[in-house]
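Participant: okay, sequence plus prediction incoming.
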Amino acid sequence: MTPPAALERGLEQLAIPLPAEARDKLIEYTALLAKWNRTYNLTSIRDPLTMVSHHLLDSLAVLPHLPLGESAQRLADAGSGAGLPGIPLALARPQWQIALIESNEKKAAFLRQASIELGLRNVEVHAGRAEAWRPASGFALVISRAFAELAAFFAACRHLLAPRGVLAAMKGRAPDTELRRLPAQVTSQVIRLHTPFLEGERHLVLCRLAP
């Protein structure tokens, strides 16, 4: 199966319709990853077909479960790394404004270049640690893919949230032990995800400050 065919079939299984331009740019993004990987080691995955399942579809699987809808929203991707899940989300939802936060300067350089080459006008890159950034206004949602355990993620990023904002952590197995270490004032919701062509458990944990 070719990467474009795998992406199309995966999007059908996820029930996420995307225009042809967005699908093409998602495949273009994997080509950029493969190119920059030769120098910057952005991801351990080298095969473009595997990138579709482990990077693109894994990132997009959260879309139906994010408490945002399709209206204009501000999001932050904490510890974005190679742009996951932020860049696939930005391509799928061009009306969302997405900040990619990455402390590694080489990875931040890739994020800037990828944003330019993909024409992502809805993306900004912040090179620095999430804990130290004080943006002018908060985000409706801060998402992370393997940023840290839940309590550390909450401590590092809660200041980035707008009032009633949500922290969203992408996890493998259900993080039962991590959930018990969250502060008492945090409510959480665990959602089991299905990522096409990807074996193993995947979960999304939504965290909110209790009213």
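Facilitator: That came through, no problem. Residues are numbered from 1 along each chain as shown.
Participant: for this structure, what helix or strand is lowest in average pLDDT?
Facilitator: helix 48-51 (a mean of 89; mean pLDDT, DSSP states H and E).
Participant: tell me what whichever helix or strand comes after that one is packed against?
Facilitator: Sequence-wise, the next helix or strand downstream of helix 48-51 (DSSP states H and E) is helix 58-60. Under the contact criterion of 3 or more Cβ pairs under 8 Å, 6 or more residues apart in numbering; DSSP states H and E, helix 58-60 touches helix 3-14, helix 86-92. For glycine as for every other residue, the C-beta is placed from the backbone atoms N, C-alpha and C.
Participant: with only the CA atoms kept, save the least confident helix or strand of the chain in PDB.
Facilitator: Extracted C-alpha coordinates of helix 48-51, given in PDB (Å, rounded to 0.1, in the frame of the first residue of the first chain):
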ATOM      1  CA  PRO A  48       7.100   6.800   4.900                       C
ATOM      2  CA  LEU A  49       4.300   4.200   5.100                       C
ATOM      3  CA  THR A  50       4.900   3.700   8.800                       C
ATOM      4  CA  MET A  51       5.000   7.500   9.300                       C
END
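Participant: what lies in contact with that helix?
Facilitator: If you take Cβ atoms under 8 Å, 6 or more residues apart in numbering as the criterion, helix 48-51 is touched by 1-3, 6, 30-31, 33-34, 43, 45.
Participant: most neighbours among the residues you listed, please name it.
Facilitator: residue 33 (24 neighbours; other Cβ atoms under 10 Å).
Participant: how distant is the host helix or strand of that residue from the center of its chain?
Facilitator: Following DSSP H and E, the helix or strand that holds residue 33 is helix 20-40. The chain centre lies 16 Å from the centre of helix 20-40; the measure is Cα atoms, centre = their mean, to the nearest Å.
Participant: again, but for stretch 63-72
Facilitator: 13 Å.
Participant: next, the buried residues of that stretch.
Facilitator: Buried residues in stretch 63-72, counted by 16 or more other Cβ atoms under 10 Å: 63, 66, 68.
Participant: secondary structure class for the closest residue to the first one other than its chain neighbours?
Facilitator: Counting by Cβ to Cβ, 6 or more residues apart in numbering, residue 63 lies nearest to residue 16, which is 5.7 Å off, once chain neighbours are set aside. Applying DSSP: H, G, I helix; E, B strand; the rest coil to residue 16 yields a three-state assignment of coil.
Participant: how near is residue 16 to residue 93?
Facilitator: Per Cβ to Cβ, to the nearest Å, residue 16 is found 10 Å from residue 93.
Participant: between the two, who's got more neighbours?
Facilitator: residue 93 (23 against 15).
Participant: with adjacent residues omitted, what lies nearest to that one?
Facilitator: residue 70 (6.6 Å).
Participant: surely the one you found touches residue 89?
Facilitator: No: the pair residue 70 / residue 89 is not scored as a contact, 11.9 Å apart, by Cβ atoms under 8 Å.
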